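K.L.:
sequence and predicted structure below; questions after.
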Amino acid sequence: DAGVTQSPTHLIKTRGQQVTLRCSPKSGHDTVSWYQQALGQGPQFIFQYYEEEERQRGNFPDRFSGHQFPNYSSELNVNALLLGDSALYLCASSSGTSGFVSSYEQYFGPGTRLTVT
Amino acid sequence: KNQVEQSPQSLIILEGKNCTLQCNYTVSPFSNLRWYKQDTGRGPVSLTIMTFSENTKSNGRYTATLDADTKQSSLHITASQLSDSASYICVVSAGSWGKLQFGAGTQVVVTP
């Protein structure tokens, strides 16, 4: 079992550019959540996808969007990058027919380190 | 204001010693509380999950306690090892549809 995988590992972008991050959930999991973790801080919830739909969303602007594919993998897209978007982006997968964020054990991937210059 | 506060912010302990990390929360209605261990540059790994009715839960040398009345939790590390050096994050979820609320973490450094 490969667990949760994310790509790329590291990414450097210029302010104003767009970026796409990818996540493959743990085998058997159907729900993917995305988090942003600034240096020295705890992760902040961005949104959660279940059955290819966004089920819940945190306090992030519309520049942050996502997608879930039929194989349950997911993408996080960030448009018009700002310097403040520099962070570790974590993907977590879980299993559950309801997709409740709070009810199920979440397994985190290693993250993608995004640096915006 | 963050609804999950952790203390201390950082901690240095000698290998073999014990330590206790604290977590206070205001998240309501409470669903469950989790402790995660996060190595530098890696994703968090779950240590324990506790619901309202659970007071104590252990995972090897890690023991978590929960007082739902005072909204406090602690994580006790026994006989620390160098591999325990990491950030320990307290996470609280509210209700069935609640989003996970993360604390800022306590950075633990175990020295030889």
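P.N.:
Yes, it's here.
K.L.:
got the residue ranges for the strands in the chain?
P.N.:
Since you didn't name a chain, this refers to chain A. For chain A, the strands defined by DSSP state E occupy A:5-7, A:10-13, A:19-24, A:31-37, A:44-50, A:53-57, A:64-68, A:74-78, A:87-94, A:107-108, A:112-116.
K.L.:
actually, chain B is the one I wanted.
P.N.:
Using DSSP E, strands in chain B cover B:4-7, B:10-14, B:19-25, B:30-38, B:45-51, B:56-59, B:62-67, B:72-77, B:86-94, B:100-102, B:106-111.
K.L.:
and residue B:66, what is it in contact with?
P.N.:
Contact partners of residue B:66, counting by CB atoms under 8 Å, 6 or more residues apart in numbering or on different chains, are B:33, B:50, B:54-57, B:72-73. The way it works is simple: take the backbone N, C-alpha and C, and place the C-beta from them, glycine included.
K.L.:
looking at those, which is nearest residue B:102?
P.N.:
Within the contacts of residue B:66, the smallest distance to residue B:102 is 11.4 Å, found for residue B:33 (CB to CB).
K.L.:
surely that closest one and residue B:6 touch.
P.N.:
No: judged on CB atoms under 8 Å, residue B:33 makes no contact with residue B:6 at a distance of 11.8 Å.
K.L.:
near chain B, which residues of chain A?
P.N.:
Proximity of chain A to chain B (CB under 8 Å from any CB of the partner chain) is limited to residues A:4, A:35, A:40-45, A:56, A:58, A:88, A:90, A:92, A:98, A:100-103, A:105-111, A:113.
K.L.:
buried only: go through those for me.
P.N.:
Among those, the ones that count as buried by 16 or more other CB atoms under 10 Å in any protein chain shown are A:4, A:35, A:41-45, A:56, A:58, A:88, A:90, A:92, A:100-103, A:106-111, A:113.
K.L.:
pull the number of nearby residues for residue A:15.
P.N.:
Residue A:15: 12 surrounding residues under other CB atoms under 10 Å in any protein chain shown.
K.L.:
tell me which parts of chain B are close to chain A?
P.N.:
Counting by CB under 8 Å from any CB, the residues of chain B that sit close to chain A are B:4, B:31-32, B:36, B:41-46, B:49, B:89, B:91, B:93-100, B:102-105.
K.L.:
may I ask which helix or strand of chain A has the lowest mean pLDDT?
P.N.:
The weakest-scoring helix or strand in chain A, judged by mean pLDDT, DSSP states H and E, is strand A:53-57 (a mean of 87).
K.L.:
show me what that strand is packed up against.
P.N.:
Judged by 3 or more CB pairs under 8 Å, 6 or more residues apart in numbering or on different chains; DSSP states H and E, strand A:53-57 is in contact with strand A:44-50.
K.L.:
what mean pLDDT does the strand it packs on get?
P.N.:
Averaged over strand A:44-50, pLDDT sits at 90.
K.L.:
in that strand, what's buried?
P.N.:
A:44-50.
K.L.:
now stretch A:2-13: mean pLDDT?
P.N.:
The pLDDT scores in stretch A:2-13 average 94.
K.L.:
I appreciate the help and will end here.
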